[in-house]
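Novice: dropping the sequence and predicted coords here.
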Amino acid sequence: MDHNIPLITTLAAGFGIALILGFAAERMKLPALVGYLAAGILIGPATPGFVADMHIAAQLSEIGVMLLMFGVGLHFSLGDLMAVKRIAVPGAVVQMACATLLGMAVAWGWGWEWGHGLLFGLSLSCASTVVLLKALEARGVLDSMNGRIAVGWLVVEDLATVLVLVLLPPLAGILGGEVQSAGGNQEIWLAIAKTLLQVCAFIGLMMLVGRKLIPWLLWHIAATGSRELFTLSVVAAAIGIAYGAAQLFSVSFALGAFFAGMVMRESEFSHRAAEESLPLRDAFSVLFFVSVGMLFQPSILVDKPWQVLGVVAIIMLGKTLAAMALVLALRYPLNTALTVAASLAQIGEFSFILAGLGQSLGLMTSEGMSLVLAGALISIALNPLMFSAVEPLRRWALGRSATARELEQRGDPFAELPMSTERKFLEKQVVLVGYGRVGRRIAEALDRQGIPYVVAEQNRELVENLRHKGIAAVSGDASEPSVLIQAHIAEAAMLVIASPDPINVRQMVDTARTLNPDIEIVLRTHSEAESEMLRKDKLGTVFHGEEELAKGMTGHVLARFSRQLEAA
């Protein structure tokens, strides 16, 4: 048998060692990603023993990039971004600029060229969406307002980084890298214009043709009933579109895969596509992080300790303080500022993609790549501690600082109902907590029946829009008694908690029953286990799921509220 099988050897070593070290990292309460990077270091050329094939690993990492970006596009929601655009867009842009300038400043101090410093700073400015989502899910705050702001912030960072990936090759010559065009500045700007036209042509094709063709194909493939064909179609679309974009439009694999995910999201089978492609995406994402780890030079921790410390300081202090100041400047409370700051105190996959492209263009040395990797390893490992410190730090600050208490109680023009609010919204009304997909459907049903209600929602922009539509709404976290008091819970007929927040739901129920012992309470949860627990504690009528939940909650509210009116 021919034993010259570098592909199989690389896969076996990469998966096997990544499994062991990823498991060890999880047991130590660290993200598994730290273990995957460490696995790459072990099988890389910088450590003794077995060395995997770097060329094959690089190609496998390209597939990993495609599937990572495909996943980002598949979960990208313009609606979610627009809901927090007033904080996420300016916040992300200014924070990235601050981190980039800090990176350029330290690189200048080390004697690097300005173009190299620019790319180095950009690599330190973008946090990892993968790490953030896992951290928010682990703490049960992904669906909270703070969680949505943090995710929206990182979506803006991702989009900005995609733009950098598009513009970097034609600008490499100006930045001091390998010249892509030999005809002077005029030729360089022509190359940039050509690149942008190609990108626009690709995006136009995907928006006009792809968003109709791909969902149509998925529908016909799903109709066959073959799970294998469906999964194959999803993977073929992701990799095929990425490859076609690179060959026909000179667009990066990353951008092609991102738009493949975006147009697939338009299909009614998008959730199934995400679910069935997840194992393959996870597997190749592991290989991507392993291949990145192979590029790391551990000796830099000994040879350049102050440089490593400077990189970590930019990531975990510079970015954090800049984000916190921006959130507070935009008049959001201290708790939101601390959560967003902790979310951004790490770097990950986009940093590796940027640094890798920079290496290929002569804009990033192996030392710079190792510094980025060292910063990623340390910041990802310490990020759980940052999140764990948010609440203790908040309590400590509130207990010792009048300024912190003032920041926590920011003046919000939508935190109270207007004085002109009609009487029907102030007594015998429904208090509806959460105006997401489920809450919106309940509100629409209440409108059709002419039943008055007040919405309590954390999203300040959403509350502002509801006010413009003439809907009574207050902004704030309904687990805080002041928010329910402003919604006039003491005189309400019913409390409907349509926001799935198992951590704070008990506080909402306790507040409501303290102020209004006879109030009817209806709750939603994500799982049957949560439902059983809440039913056992007799917190109210409980529903779980989404589609059937919305119908069931709506029917129950209408039926019970009509009885409340008759009794009154």
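Specialist: Alright, I've got the coordinates.
Novice: which element is the nearest residue to residue 17 once chain neighbours are set aside on?
Specialist: In space, residue 17 comes closest to residue 39 once its chain neighbours are excluded; the distance is 4.1 Å by C-beta to C-beta, 6 or more residues apart in numbering. For every residue, glycine as well, the C-beta is placed using N, CA and C. Assigned by DSSP states H and E, residue 39 belongs to helix 32-42.
Novice: average model confidence for that helix?
Specialist: For helix 32-42, mean pLDDT rounds to 87.
Novice: how about stretch 377-384?
Specialist: Mean predicted lDDT for stretch 377-384 stands at 84.
Novice: quick check: buried residues in it?
Specialist: 377, 378, 379, 380, 381, 383, 384 (16 or more other C-beta atoms under 10 Å).
Novice: same list (those) but as JSON lines, adding secondary structure and distance to residue 447.
Specialist: JSON lines is the format used below for the buried residues of stretch 377-384 (DSSP: H, G, I helix; E, B strand; the rest coil; distance: C-beta to C-beta, whole Å):
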{"residue": "377", "secondary structure": "helix", "distance to residue 447": "53"}
{"residue": "378", "secondary structure": "helix", "distance to residue 447": "52"}
{"residue": "379", "secondary structure": "helix", "distance to residue 447": "47"}
{"residue": "380", "secondary structure": "helix", "distance to residue 447": "46"}
{"residue": "381", "secondary structure": "helix", "distance to residue 447": "50"}
{"residue": "383", "secondary structure": "helix", "distance to residue 447": "43"}
{"residue": "384", "secondary structure": "helix", "distance to residue 447": "44"}
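Novice: related to what we said a few turns ago, now the element after the helix holding residue 39, going C-ward?
Specialist: helix 54-75.
Novice: report the backbone C-alpha coordinates of that following helix in CSV.
Specialist: Presented in CSV, the C-alpha positions along helix 54-75 are these (Å, rounded to 0.1, in the frame of the first residue of the first chain):
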residue,chain,number,x,y,z
MET,A,54,1.9,23.0,5.3
HIS,A,55,0.7,23.2,1.7
ILE,A,56,-2.2,20.9,2.3
ALA,A,57,-3.0,22.5,5.6
ALA,A,58,-3.2,25.9,3.8
GLN,A,59,-5.7,24.5,1.2
LEU,A,60,-7.8,23.0,4.0
SER,A,61,-7.8,26.3,5.8
GLU,A,62,-9.1,28.0,2.6
ILE,A,63,-12.1,25.6,2.8
GLY,A,64,-12.4,26.5,6.4
VAL,A,65,-12.5,30.2,5.6
MET,A,66,-15.2,29.6,2.9
LEU,A,67,-17.4,27.7,5.3
LEU,A,68,-16.8,30.1,8.2
MET,A,69,-17.8,33.0,6.0
PHE,A,70,-20.7,31.0,4.6
GLY,A,71,-22.0,30.5,8.1
VAL,A,72,-21.6,34.3,8.9
GLY,A,73,-23.7,35.1,5.8
LEU,A,74,-26.3,32.5,6.6
HIS,A,75,-26.9,34.0,10.0
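Novice: now do that helix against helix 32-42, angle only.
Specialist: Put simply, helix 54-75 runs at 160 degrees to helix 32-42, going by axes from the mean of the first three to the mean of the last three C-alpha atoms, to 10 degrees.
Novice: pLDDT score assigned to the residue positioned nearest the centre of the chain?
Specialist: Nearest residue to the geometric centre of the chain (C-alpha atoms, centre = their mean): residue 151, 3.4 Å. On the pLDDT scale, residue 151 is placed at 78.
Novice: in whatever helix or strand it lives in, which residues are buried?
Specialist: Using DSSP H and E, residue 151 sits within helix 145-175. Across helix 145-175, burial judged by 16+ other C-beta under 10 Å covers 145-158, 160-162, 164-166, 168-173, 175.
Novice: any idea how far stretch 261-271 is from the chain center?
Specialist: 18 Å (C-alpha atoms, centre = their mean, to the nearest Å).
Novice: quick one: average pLDDT of that stretch?
Specialist: So the average pLDDT for stretch 261-271 ends up being 77.
Novice: for it, measure first residue to last.
Specialist: Using C-alpha to C-alpha, to the nearest Å, the end-to-end distance of stretch 261-271 comes out at 11 Å.
Novice: surely residue 62 is in contact with residue 253?
Specialist: Yes: contact criterion C-beta atoms under 8 Å: residue 62 and residue 253 qualify, at 6.0 Å.
Novice: the residue nearest to the centre of the chain contacts residue 135, doesn't it?
Specialist: No: Residue 151 is beyond contact range of residue 135, at 11.0 Å (criterion: C-beta under 8 Å).
Novice: mind listing the strands for the stretch 151-300 of the chain?
Specialist: Counting by DSSP state E, counting those that start in this stretch, the stretch 151-300 of the chain forms no strands at all.
Novice: now the stretch 401-550 of the chain
Specialist: Counting by DSSP E, counting those that start in this stretch, the strands of the stretch 401-550 of the chain are 430-433, 453-457, 473-475, 494-497, 520-525, 541-544.
Novice: which residues are in contact with the third one?
Specialist: Residues from elsewhere that reach strand 473-475 (C-beta atoms under 8 Å, 6 or more residues apart in numbering): 412, 414-417, 435, 454-460, 462-463, 466-467, 483, 486-487.
Novice: equivalent analysis for the fourth one, please.
Specialist: Under the contact criterion C-beta under 8 Å, 6+ apart, strand 494-497 has outside partners 430-434, 439, 442, 478, 484, 489, 505, 508-509, 512, 519-524, 540, 553, 557, 560-561, 564.
Novice: pairing partners for that strand, with directions?
Specialist: Paired with strand 494-497 in the same sheet, following DSSP bridges, are strand 430-433 (parallel), strand 520-525 (parallel).
Novice: relative to residue 51, how far out is the residue lying closest to residue 116 once chain neighbours are set aside?
Specialist: Leaving aside its sequence neighbours, residue 116 sits nearest to residue 363 (C-beta to C-beta, 6+ apart; 5.6 Å). Separation of residue 363 from residue 51 (C-beta to C-beta, to the nearest Å) stands at 26 Å.
Novice: do a quick rundown of the helices in the stretch 451-568 of the chain.
Specialist: Assigned by DSSP state H, counting those that start in this stretch, the stretch 451-568 of the chain shows helices spanning 460-468, 481-486, 505-515, 528-536, 547-567.
Novice: who are the packing partners of the first one?
Specialist: Counting by 3 or more C-beta pairs under 8 Å, 6 or more residues apart in numbering; DSSP states H and E, the packing neighbours recorded for helix 460-468 are strand 453-457, strand 473-475.
Novice: ends of stretch 394-414, how far apart?
Specialist: End-to-end for stretch 394-414, by C-alpha to C-alpha: 24 Å.
Novice: I'd like the average pLDDT over that stretch.
Specialist: The model assigns stretch 394-414 a mean pLDDT of 73.
Novice: okay, now the unreliable bits of the stretch 51-200 of the chain?
Specialist: Scanning the stretch 51-200 of the chain for pLDDT under 70 picks out 75-81, 83, 137-138, 140, 142-143, 177-188.
Novice: before we move on, the earlier item: can you redo the strands of the stretch 401-550 of the chain as JSON lines with mean neighbour count and distance to residue 357?
Specialist: What follows is those, written out as JSON lines (neighbours: other C-beta atoms under 10 Å; distance: least, C-beta to C-beta, whole Å):
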{"stretch": "strand 430-433", "mean neighbour count": "28", "distance to residue 357": "45"}
{"stretch": "strand 453-457", "mean neighbour count": "25", "distance to residue 357": "41"}
{"stretch": "strand 473-475", "mean neighbour count": "24", "distance to residue 357": "42"}
{"stretch": "strand 494-497", "mean neighbour count": "27", "distance to residue 357": "47"}
{"stretch": "strand 520-525", "mean neighbour count": "24", "distance to residue 357": "44"}
{"stretch": "strand 541-544", "mean neighbour count": "20", "distance to residue 357": "45"}
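Novice: thank you, goodbye.
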